[in-house]
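Student: need a 3D model of the following:
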Amino acid sequence: MFGTAHSVEFRPFWKILCPGNTVHHAKRLAYGLLLTSCLNDLVYLFKVPSNERLSAVCEECDGVEGFATDCFYYFKRNEAKHFGQITFAKKEEFRGLQAADMMAYEGFKHVTNQAIKSETRPVRKLLQALQQSDRLAVAYAGEKEITRFAES
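Tutor: Below is the predicted model of the structure:
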(Lines give C-alpha, C1' and ligand atoms only; values in the text may rest on other atoms or scores of the structure.)
Protein backbone atom coordinates (compact mmCIF):
# COMPACT_ATOMS: atom_id res chain seq x y z
CA MET A 1 0.00 0.00 0.00
CA PHE A 2 1.19 3.49 -0.86
CA GLY A 3 0.08 6.70 0.75
CA THR A 4 0.20 10.08 -0.86
CA ALA A 5 -1.52 13.19 0.42
CA HIS A 6 -1.38 16.65 -1.07
CA SER A 7 -3.15 19.67 0.35
CA VAL A 8 -3.41 23.30 -0.62
CA GLU A 9 -4.61 26.44 1.10
CA PHE A 10 -7.75 27.07 -0.90
CA ARG A 11 -8.13 30.86 -0.62
CA PRO A 12 -4.61 31.64 -1.89
CA PHE A 13 -5.04 28.96 -4.59
CA TRP A 14 -8.25 30.63 -5.74
CA LYS A 15 -6.84 34.17 -5.51
CA ILE A 16 -3.53 33.43 -7.28
CA LEU A 17 -4.34 30.70 -9.79
CA CYS A 18 -8.03 31.28 -10.49
CA PRO A 19 -8.73 35.00 -10.12
CA GLY A 20 -12.13 35.93 -11.46
CA ASN A 21 -13.42 32.35 -11.39
CA THR A 22 -16.23 31.05 -9.22
CA VAL A 23 -15.51 29.12 -6.04
CA HIS A 24 -16.91 26.03 -7.80
CA HIS A 25 -14.45 26.36 -10.68
CA ALA A 26 -11.51 26.95 -8.33
CA LYS A 27 -12.53 23.91 -6.23
CA ARG A 28 -12.61 21.70 -9.34
CA LEU A 29 -9.18 22.91 -10.43
CA ALA A 30 -7.71 22.40 -6.96
CA TYR A 31 -9.15 18.87 -6.74
CA GLY A 32 -7.82 17.99 -10.20
CA LEU A 33 -4.36 19.39 -9.44
CA LEU A 34 -4.12 17.55 -6.12
CA LEU A 35 -5.34 14.28 -7.67
CA THR A 36 -2.81 14.57 -10.49
CA SER A 37 -0.06 15.29 -7.94
CA CYS A 38 -0.95 12.13 -6.01
CA LEU A 39 -0.97 10.05 -9.22
CA ASN A 40 2.37 11.55 -10.15
CA ASP A 41 3.81 10.39 -6.80
CA LEU A 42 2.67 6.83 -7.47
CA VAL A 43 4.35 6.69 -10.86
CA TYR A 44 7.52 8.74 -10.38
CA LEU A 45 8.27 8.81 -6.65
CA PHE A 46 7.22 5.29 -5.66
CA LYS A 47 7.91 3.86 -9.12
CA VAL A 48 5.03 1.42 -8.94
CA PRO A 49 5.87 -1.33 -11.47
CA SER A 50 3.93 -1.11 -14.71
CA ASN A 51 2.72 -4.71 -14.25
CA GLU A 52 0.77 -3.68 -11.14
CA ARG A 53 -2.74 -2.45 -11.84
CA LEU A 54 -3.71 0.61 -9.82
CA SER A 55 -7.12 2.13 -9.38
CA ALA A 56 -8.15 5.26 -7.54
CA VAL A 57 -10.94 5.61 -5.03
CA CYS A 58 -11.59 9.26 -4.23
CA GLU A 59 -13.89 10.88 -1.74
CA GLU A 60 -17.14 12.18 -3.17
CA CYS A 61 -17.06 15.94 -3.51
CA ASP A 62 -20.04 17.62 -5.15
CA GLY A 63 -19.23 19.14 -8.51
CA VAL A 64 -15.67 17.87 -8.98
CA GLU A 65 -16.09 14.22 -10.01
CA GLY A 66 -16.38 14.91 -13.74
CA PHE A 67 -13.28 17.08 -13.91
CA ALA A 68 -11.34 14.73 -11.61
CA THR A 69 -12.28 11.79 -13.84
CA ASP A 70 -11.05 13.71 -16.88
CA CYS A 71 -7.76 14.44 -15.07
CA PHE A 72 -7.36 10.77 -14.12
CA TYR A 73 -7.90 9.47 -17.65
CA TYR A 74 -5.68 12.16 -19.16
CA PHE A 75 -2.92 11.09 -16.76
CA LYS A 76 -3.56 7.43 -17.49
CA ARG A 77 -3.41 7.99 -21.26
CA ASN A 78 -0.19 10.02 -21.10
CA GLU A 79 1.75 8.77 -18.07
CA ALA A 80 0.53 5.44 -16.69
CA LYS A 81 -1.33 3.13 -19.01
CA HIS A 82 -1.36 0.45 -16.29
CA PHE A 83 -3.78 2.45 -14.17
CA GLY A 84 -7.22 0.93 -13.89
CA GLN A 85 -10.32 2.93 -13.04
CA ILE A 86 -11.34 5.83 -10.84
CA THR A 87 -14.39 5.83 -8.63
CA PHE A 88 -15.87 8.04 -5.95
CA ALA A 89 -17.37 6.99 -2.64
CA LYS A 90 -18.40 8.37 0.71
CA LYS A 91 -15.87 7.86 3.50
CA GLU A 92 -18.42 5.87 5.47
CA GLU A 93 -18.80 3.44 2.55
CA PHE A 94 -15.13 2.71 1.91
CA ARG A 95 -12.66 2.13 4.73
CA GLY A 96 -9.73 2.87 2.46
CA LEU A 97 -10.82 6.49 2.36
CA GLN A 98 -10.83 6.59 6.16
CA ALA A 99 -7.26 5.25 6.14
CA ALA A 100 -6.29 7.82 3.48
CA ASP A 101 -7.77 10.59 5.62
CA MET A 102 -5.77 9.35 8.60
CA MET A 103 -2.55 9.38 6.56
CA ALA A 104 -3.33 12.82 5.16
CA TYR A 105 -4.09 14.13 8.64
CA GLU A 106 -0.89 12.69 10.10
CA GLY A 107 1.18 14.08 7.25
CA PHE A 108 -0.47 17.50 7.39
CA LYS A 109 -0.06 17.62 11.17
CA HIS A 110 3.63 16.81 10.79
CA VAL A 111 4.18 19.43 8.09
CA THR A 112 2.36 22.14 10.02
CA ASN A 113 4.13 21.27 13.28
CA GLN A 114 7.63 21.02 11.83
CA ALA A 115 7.75 23.37 8.86
CA ILE A 116 5.05 25.97 9.32
CA LYS A 117 4.93 26.38 13.10
CA SER A 118 8.66 25.66 13.50
CA GLU A 119 7.93 23.41 16.44
CA THR A 120 10.08 20.49 17.41
CA ARG A 121 7.34 18.15 18.49
CA PRO A 122 8.21 14.49 18.27
CA VAL A 123 7.04 12.66 15.17
CA ARG A 124 3.78 10.90 15.96
CA LYS A 125 4.06 7.10 16.13
CA LEU A 126 1.66 6.41 13.27
CA LEU A 127 3.49 8.78 10.94
CA GLN A 128 6.83 7.33 11.99
CA ALA A 129 5.63 3.85 11.01
CA LEU A 130 4.35 5.15 7.67
CA GLN A 131 7.62 6.97 6.95
CA GLN A 132 9.72 3.87 7.68
CA SER A 133 7.97 1.99 4.89
CA ASP A 134 9.16 4.55 2.28
CA ARG A 135 5.65 4.45 0.87
CA LEU A 136 4.37 7.80 2.07
CA ALA A 137 4.53 11.19 0.36
CA VAL A 138 3.00 14.32 1.82
CA ALA A 139 2.93 17.78 0.26
CA TYR A 140 1.44 21.06 1.41
CA ALA A 141 1.17 24.26 -0.61
CA GLY A 142 0.57 27.55 1.12
CA GLU A 143 0.49 31.02 -0.40
CA LYS A 144 4.27 31.16 -0.91
CA GLU A 145 4.38 27.82 -2.75
CA ILE A 146 1.31 28.65 -4.83
CA THR A 147 2.86 31.98 -5.89
CA ARG A 148 6.12 30.24 -6.85
CA PHE A 149 4.13 27.66 -8.86
CA ALA A 150 2.17 30.40 -10.64
CA GLU A 151 5.39 32.22 -11.58
CA SER A 152 7.09 29.11 -13.00
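Student: phi first, then psi, for Val123.
Tutor: When quoted as degrees, to the nearest 10, the phi and psi of Val123 stand at phi -70, psi 130.
Student: quick check: it vs Cys38, distance?
Tutor: When CB to CB, to the nearest Å is the yardstick, Val123 and Cys38 sit 22 Å from each other. Just so you know, the C-beta spots here come from the backbone N, C-alpha and C atoms, and that holds for glycine as well.
Student: the more surrounded of the two?
Tutor: Cys38 (21 against 15; other CB atoms under 10 Å).
Student: so the more buried one touches Thr4, yeah?
Tutor: Yes: at 4.4 Å, Cys38 counts as touching Thr4 under the criterion of CB atoms under 8 Å.
Student: could you verify that Ser7 is part of a helix?
Tutor: No: assessed by DSSP: H, G, I helix; E, B strand; the rest coil, Ser7 does not belong to a helix; its assignment is strand.
Student: dig out what it forms beta bridges with.
Tutor: On the basis of DSSP bridges, Ser7 takes part in beta bridges with Tyr140.
Student: against Lys76, how distant is it?
Tutor: 23 Å.
Student: which parts of the chain are strands?
Tutor: 3-8, 54-59, 83-89, 136-141 (DSSP state E).
Student: most tightly packed of these?
Tutor: Ranked by mean neighbour count under mean count of other CB atoms under 10 Å, those are led by strand 3-8, which reaches a mean of 21.
Student: OK, contacts around Gly96?
Tutor: Gly96 makes contact with Val57 under the criterion CB atoms under 8 Å, 6 or more residues apart in numbering.
Student: could you do Glu59 as well?
Tutor: Glu59 makes contacts with 88-91, 97, 100-101, as judged by CB under 8 Å, 6+ apart.
Student: how about 10 Å then?
Tutor: Under the criterion of CB atoms under 10 Å, 6 or more residues apart in numbering, the neighbours of Glu59 are 31, 88-91, 94, 97-98, 100-101.
Student: and Leu33, by the same measure?
Tutor: By CB under 10 Å, 6+ apart, Leu33 lies in contact with 6, 8, 13, 17, 71, 141, 149.
Student: which one of those residues is nearest Leu127?
Tutor: Of all those, the one with the least separation from Leu127 (CB to CB) is His6, at 15.9 Å.
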